[in-house]
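**Q** fold the following.
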Amino acid sequence: MAEAAAARRRPRVFYGWWIVLCSWVGDFFSLGISFYSFSLFIKPMSEELGWSRGALSFALTLRSLLNIALGPVVGRILDRWGPRFLMAGGALAAGTALLLLSQVHGILSFYLIFGLLWSLGFGTMSGLVTTTVVSKWFARRRGRAVAIAATGISIGGITLTQLTAFLLAHYHWRTAWIVLGLLLMVVIVPLALLIMRRQPEDMGLRPDGDQSAAERQASPSRAVSGPGSSARRGRWRWRLPTRPKQEERDWTLREAVRTPTAWLLVVASNLSGLSISTLTLHQVPLLQDRGLSVATAATVVTFFAVGSLTAKIVWGLAAELVPLRYLATLNFLGAAAAMGLLFNVHSATAAFAYGAIAGVTMGAMPVVQNLLWPEYFGRAALGTIRGAFAPIGALSSGFGPYLGGALFDVTGSYSIALIIMIGATSTAAVLMFLARPPRVPKPVATASPATAPTPRA
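**A** Numbers count the residues shown, from 1 in each chain. Next up, the predicted model:
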């Protein structure tokens, strides 16, 4: 009777979708500001304060250095206590950092505020936090769940880029930082405290909202038994086919680090991260150097974000049908081709074409790469595993933007930086193709007394 009552109380909307919503909001603000809006501040801040682009970009290197220390700690906190207070505290730190940026005058204070305080908030309210938690709540529908959550990045790029461009055109860049900081705190802090939870088992649920065996026996009419179950209720419902999946195995960190697959994923993600972080930060000043206005460059970023939005949904659904390493390989090759288009962008039409193509390819990277880790290594220690490898990835994503800015300061163009990015992304495609699912380690056989070797005298 208790099981039947529990089945009747089961909500119609699986709680995991509320986790997806909150993760969407976290990515909307944190990545929308850090990867899209920030690029619009480079020119006005560097011109008014007299800073070079390399000096401004170095703040992202500091962010990555902080993430080296944060990654393992955040991953273990996620596995043990969950994201609730982690994300709320991160939003407070990040919002405070943006408010303080409105008062910055020296490069050292800029490094302390954006490179450290903002990075502390960024690392605890998005990225590793949101993708790991969503992956813990879903298994069969993980592709679409991660994809939907990741659309927050793209919609944040569309919305916040236009908002930032409007604020910069009609007000001062200091005012723009204040508006962004207040919005971030007012929205994310209450949502994180009210919604975010560690994993479905903590609430008596199962991944994807599936019923347990006891619930299916207690309430057979509500059991999920495939496409035919809806027909028995007098309705026919179309379901997206999914590729067959083996039963998910949970790896430990010790087991994962011993697999070649994990290191292939790390190196490939590093190379692609170097390219994407460099391009997203410097694409607006690059387009402005080609003679495009701030408004046109912001529109190109919007094209990029719209293409990225579409790509996340399409590639996320494709991930439930096609082996992930094939999708990742195609994704990286397309991204390298999109970067090559920037060599011939000298008009608004060409810039819009680049934005759309780059969005469709590069925009899917957060989805495909974040799906590979739970697919290969399971859910139980996912935060710990990803957190342990996060410091390595932080180096490349932080070094790339500084390298792009420094090369521009020396050469006066982004040509060399583009060549490096294309080579890095192409190499990542090859490595990703080689990253086969890891083999389950064989148990160590212990010799029985009858078969044990006789010790020598």
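
**Q** which intervals of the stretch 1-150 of the chain have sub-threshold pLDDT?
**A** Flagging of the stretch 1-150 of the chain using pLDDT under 70 yields the residue ranges 1-11.

**Q** in the stretch 351-457 of the chain, which spans are helices?
**A** Assigned by DSSP state H, counting those that start in this stretch, the helices in the stretch 351-457 of the chain fall at 365-377, 382-411, 415-434.

**Q** likewise for the stretch 101-250 of the chain?
**A** With DSSP H, counting those that start in this stretch, the ranges of helices along the stretch 101-250 of the chain come out as 107-110, 119-125, 128-137, 142-170, 173-195, 213-218, 228-232.

**Q** what's Ser39 in contact with, if anything?
**A** Thr280, Leu281, His282, Gln283, Val284, Pro285, Val301 (Cβ atoms under 8 Å, 6 or more residues apart in numbering). No exception for glycine: its C-beta is placed from N, CA and C like everyone else's.

**Q** that one sits in which helix or strand?
**A** Per DSSP states H and E, Ser39 falls inside helix 38-49.

**Q** for that helix, buried residues please.
**A** Phe38, Ser39, Leu40, Phe41, Ile42, Lys43, Met45, Ser46 (16 or more other Cβ atoms under 10 Å).

**Q** can I get these in CSV with distance to Leu99?
**A** Formatted as CSV, the buried residues of helix 38-49 follow (distance: Cβ to Cβ, whole Å):
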residue, distance to Leu99
Phe38, 15
Ser39, 20
Leu40, 18
Phe41, 15
Ile42, 20
Lys43, 22
Met45, 16
Ser46, 21
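
**Q** out of the helices of the stretch 101-250 of the chain, flag the one nearest Arg258.
**A** helix 128-137 (21.2 Å; Cβ to Cβ).

**Q** tell me what angle the closest one forms with helix 173-195.
**A** Going by axes from the mean of the first three to the mean of the last three Cα atoms, to 10 degrees, helix 128-137 is angled at 30 degrees with respect to helix 173-195.

**Q** can you list contacts of helix 128-137?
**A** The contact list for helix 128-137 (Cβ under 8 Å, 6+ apart) reads 15-16, 19-20, 23, 26-27, 71, 74-75, 78, 82-83, 86-87, 90, 123, 142, 145-146, 149-150, 196, 198-200, 207, 366, 370-371, 373-374, 379, 382-383, 386-387, 390.

**Q** mind giving me the PyMOL select for these, buried ones only?
**A** Burial among the contacts of helix 128-137 is assessed by 16+ other Cβ under 10 Å; the matching PyMOL selection reads:
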select buried, resi 16+19+20+23+26+27+71+74+75+78+82+83+86+87+90+123+142+145+146+149+150+196+198+199+200+207+366+370+371+373+374+379+382+383+386+387+390
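
**Q** quick one: low-confidence residue ranges for the stretch 251-400 of the chain.
**A** Within the stretch 251-400 of the chain, the ranges that satisfy pLDDT under 70 run 391, 393-395, 398.

**Q** can you give me the strands in it?
**A** For the stretch 251-400 of the chain, no strands are identified by DSSP state E, counting those that start in this stretch.

**Q** tell me who's in contact with the closest residue to Ala297 other than its chain neighbours.
**A** The shortest distance from Ala297 to any non-neighbouring residue, by Cβ to Cβ, 6 or more residues apart in numbering, is to Leu287 (4.3 Å). Leu287 sits next to Thr296, Ala297, Val300, Val345, Ala351 when contact means Cβ under 8 Å, 6+ apart.

**Q** same deal with Ser126?
**A** Ser126 is in contact with Gly26, Asp27, Phe29, Ser30, Leu31, Gly90, counting by Cβ under 8 Å, 6+ apart.

**Q** Ala149 contacts Trp24, correct?
**A** Yes - look at Ala149 against Trp24 with Cβ atoms under 8 Å: they come within range, at 5.1 Å.

**Q** common neighbours of these two, please.
**A** Between them, Ala149 and Trp24 share no contacting residue under Cβ under 8 Å, 6+ apart.

**Q** how far does stretch 311-326 sit from the chain's center?
**A** Taking Cα atoms, centre = their mean, to the nearest Å, one finds stretch 311-326 lying 15 Å from the centre of the chain it belongs to.

**Q** from one end of it to the other, what's the distance?
**A** Length of stretch 311-326, first residue to last, Cα to Cα, to the nearest Å: 16 Å.

**Q** tell me how many other residues crowd Leu99.
**A** Around Leu99 sit 18 other residues, with neighbours defined as other Cβ atoms under 10 Å.

**Q** separation between it and Leu431?
**A** 41 Å (Cβ to Cβ, to the nearest Å).

**Q** where do the strands sit along the stretch 1-150 of the chain?
**A** Under the criterion DSSP E, counting those that start in this stretch, the stretch 1-150 of the chain carries no strands.

**Q** if any of the contacts of Ser39 are buried, put those into a ChimeraX selection.
**A** In ChimeraX, the members of the contacts of Ser39 classed as buried (16+ other Cβ under 10 Å) are selected with the following command:
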select :280,281,282,283,284,285,301
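
**Q** and which of the contacts of Ser39 is nearest Tyr171?
**A** Taking Cβ to Cβ as the measure, Tyr171 lies nearest Val284 of the contacts of Ser39, at 18.2 Å.
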